[in-house]
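Undergrad: The following block contains a protein sequence and its predicted model.
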Amino acid sequence: TLSFFLLITRDLFYLKVVRVLPSLTERKNALAVARRVEADVSGYLLTVAFINSCLGAAVGAAMWVLGVPNPLLWGLMAAVLNFMPYVGAIIGILIVATVSFLTFDTWFAIVMPPASYLLLTFVEGQFLTPLALSKRFALNTVVIIMAIALWGFMWGSVGVIVAVPLLIILKAFCDQIESLSNIAEFLSGEDAPASVVDSSSDTPDVQSRLEHAPPLR
């Protein structure tokens, strides 16, 4: 939601941010950080949506192979619930286990659907998603797992959801502030390239208004 509103009001948001700063250099730095945060958070949401779609397709295929009724429904459910890390997987496993118990007669047939769901979500949550995020955003995989564990412990399911976006925002700020370069290096992946945003890439209209915008008094 935040990324959506930043996209539709981006110029106004940028100008409001830079007008509170007195010098042109500080304005350019603030604009660079704001653009970097917008791009990274939007990219994170798209990456997670793609991963969840793939998980939903895998769950749906597994349910179809195991003979569970309405496999497309369970695949869609898995994709939607996976936007809530860990909590969504637990809810999905319980629902599939209930349906399996009411559908099949043998214990093997009853156990296989929820076990398959558990296996797929475990592989996705513990390996694929951290690896994809570390490659996409040049983040340290261990730091991603630590952030999810820390914020999940502190804030529960809400903390798990916001852990990676907060980490991405923190790295964007550290990349732009020289005194925080050591933290940025720690958060970065092994082969992370330099990621300072060039303010000269701003559109002429925004750049012109940026340079002539008077500071707020």
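TA: Looks like it arrived, so ask away. Model, not experiment: these values are computed from the prediction.
Undergrad: For this protein, which helix extends over the most residues?
TA: Using DSSP state H to assign secondary structure, the helix with the most residues in the chain is helix 24-65.
Undergrad: which helices and strands does it pack with?
TA: Secondary-structure packing of helix 24-65 (3 or more Cβ pairs under 8 Å, 6 or more residues apart in numbering; DSSP states H and E): helix 2-8, helix 10-19, helix 71-81, helix 107-123, helix 129-136, helix 157-176, helix 204-212. Yep, even glycine has a C-beta here, placed from its N, CA and C like the rest.
Undergrad: let's go with 6 Å and repeat that
TA: The criterion is 3 or more Cβ pairs under 6 Å, 6 or more residues apart in numbering; DSSP states H and E, and the helices and strands that helix 24-65 contacts are helix 2-8, helix 10-19, helix 71-81, helix 107-123, helix 157-176.
Undergrad: Between helix 107-123 and it, find me the angle.
TA: Note on geometry: by axes from the mean of the first three to the mean of the last three Cα atoms, to 10 degrees, helix 24-65 and helix 107-123 are set 170 degrees apart in direction.
Undergrad: and helix 24-65, what's its mean pLDDT?
TA: Mean pLDDT, helix 24-65: 85.
Undergrad: circling back to that earlier point, which one of the helices and strands packed on helix 24-65 lies closest to Leu45?
TA: In terms of Cβ to Cβ, the element of the helices and strands packed on helix 24-65 nearest to Leu45 is helix 2-8, at 6.1 Å.
Undergrad: re the thing from before, any chance of the helices and strands packed on helix 24-65 in TSV, with mean pLDDT, mean neighbour count and distance to Ala147 too?
TA: Below are these laid out as TSV (pLDDT from 0 to 100; neighbours: other Cβ atoms under 10 Å; distance: least, Cβ to Cβ, whole Å):
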stretch	mean pLDDT	mean neighbour count	distance to Ala147
helix 2-8	53	12	18
helix 10-19	63	15	26
helix 71-81	95	19	21
helix 107-123	96	17	19
helix 157-176	80	19	4
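Undergrad: tell me the centre residue of this structure?
TA: Tyr44 (3.8 Å; Cα atoms, centre = their mean).
Undergrad: List the contacts of that residue.
TA: Tyr44 makes contacts with Ile168, as judged by Cβ atoms under 6 Å, 6 or more residues apart in numbering.
Undergrad: Can you tell me how far it is from Leu128?
TA: 15 Å (Cβ to Cβ, to the nearest Å).
Undergrad: Likewise for Ile51?
TA: Using Cβ to Cβ, we find Ile51 at a distance of 7 Å from Leu128.
Undergrad: For these two, work out which one has more neighbours and name it.
TA: When neighbours are counted by other Cβ atoms under 10 Å, Ile51 and Leu128 differ, and Ile51 comes out ahead with 18 against 14.
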